[in-house]
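Novice: fold the stuff below for me.
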Amino acid sequence: MRFMRFSGVTDSLVEYIRCQIIDGDFRPGQKLSEAGISSKLGISRSPLREAFRVLAGEHLVEIVPRHGCFVTIVSMADCKEIFETREMLECFAVDLLKEKKITKLAAVEEALKSTADLKMPADKDPAKKFRYLKIIADFHIKLVESAGNSKLSTYYLYMFPTLARYQSMYVFIDGLMDRSHHKHEEIFNKIVKGDYRSAKKMLKSHIRSWPKIVEKVVSENEMKRRQQQIATCKS
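Specialist: A predicted model of the protein is given here:
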């Protein structure tokens, strides 16, 4: 894979590395080699360093002076903080919708339609998987944007790349996104009817369910890793 040499090369690099991190190809704690990545992609180190700075702003990497650039660590403590922040922002968006008496949510409805018969990517391409994840999450993004507060939308989108690392742990579980879609429809219908209180309650419950699933996935993966270690030692 090689990037075209154009003014948007940094954006392309950011997207490429972001997808690799969210998909787990670039592992938590891994040092990102400037020489290795620039050689693989056929680009100079200057736009790569700029990409690292952008990703550091998204909390996907940490730049350590004189040591290099490292993928940030994921943890249940971090996961819970992210979802708590997400709950605060989204529930406040519903409060704003109520305050402004907004019940027509065309963009949210369009996001719902786009996930009605959405199929998971057939291959393991990180970019395709991220696009799928973004479409799934677009209901929440459009809900926040519908509140009409540009600062709120900016903060939410700023958080999204970090949030996506945890979402990627469950969005590819068979059947789970179908249930999520139905929950989105229920929340949407409550807002359309002006029942903001019920919508907010359902939204809060919906968001709080995910860290529990992430914790289960992490626990299962850790168990598999230990079993593989035991099997390797016995062989």
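Novice: and the residue nearest the centre of the chain, how far is that from residue 21?
Specialist: The residue lying closest to the centre of the chain (C-alpha atoms, centre = their mean) is residue 164, at 1.3 Å. To residue 21, residue 164 is 9 Å away according to C-beta to C-beta, to the nearest Å. Every residue, glycine included, has its C-beta placed from N, CA and C.
Novice: could you do residue 35 as well?
Specialist: Per C-beta to C-beta, residue 35 is found 19 Å from residue 21.
Novice: neighbour count winner among those two?
Specialist: residue 21 (28 against 9; other C-beta atoms under 10 Å).
Novice: who's in contact with that one?
Specialist: Neighbouring residues of residue 21 by C-beta atoms under 8 Å, 6 or more residues apart in numbering: 55, 60, 61, 71, 165.
Novice: tell me the secondary structure at the last one.
Specialist: Remark: residue 165 carries the secondary structure label helix [criterion: DSSP: H, G, I helix; E, B strand; the rest coil].
Novice: may I ask which helix or strand encompasses the closest residue to it other than its chain neighbours?
Specialist: Spatial nearest neighbour of residue 165, excluding adjacent residues (C-beta to C-beta, 6 or more residues apart in numbering): residue 22 at 5.2 Å. Here residue 22 is covered by helix 9-23, with elements defined by DSSP states H and E.
Novice: list the buried residues for that helix?
Specialist: 9-10, 12-14, 16-23 (16 or more other C-beta atoms under 10 Å).
Novice: which stretches of the chain form strands?
Specialist: Counting by DSSP state E, one finds strands in the chain at the ranges 31-32, 61-64, 68-71.
Novice: which elements pack onto the shortest one?
Specialist: Which is strand 31-32. Counting by 3 or more C-beta pairs under 8 Å, 6 or more residues apart in numbering; DSSP states H and E, the packing neighbours recorded for strand 31-32 are strand 68-71.
Novice: per-residue confidence averaged over the strand it packs on?
Specialist: Strand 68-71 carries an average pLDDT of 96.
Novice: then stretch 213-230?
Specialist: Stretch 213-230 carries an average pLDDT of 76.
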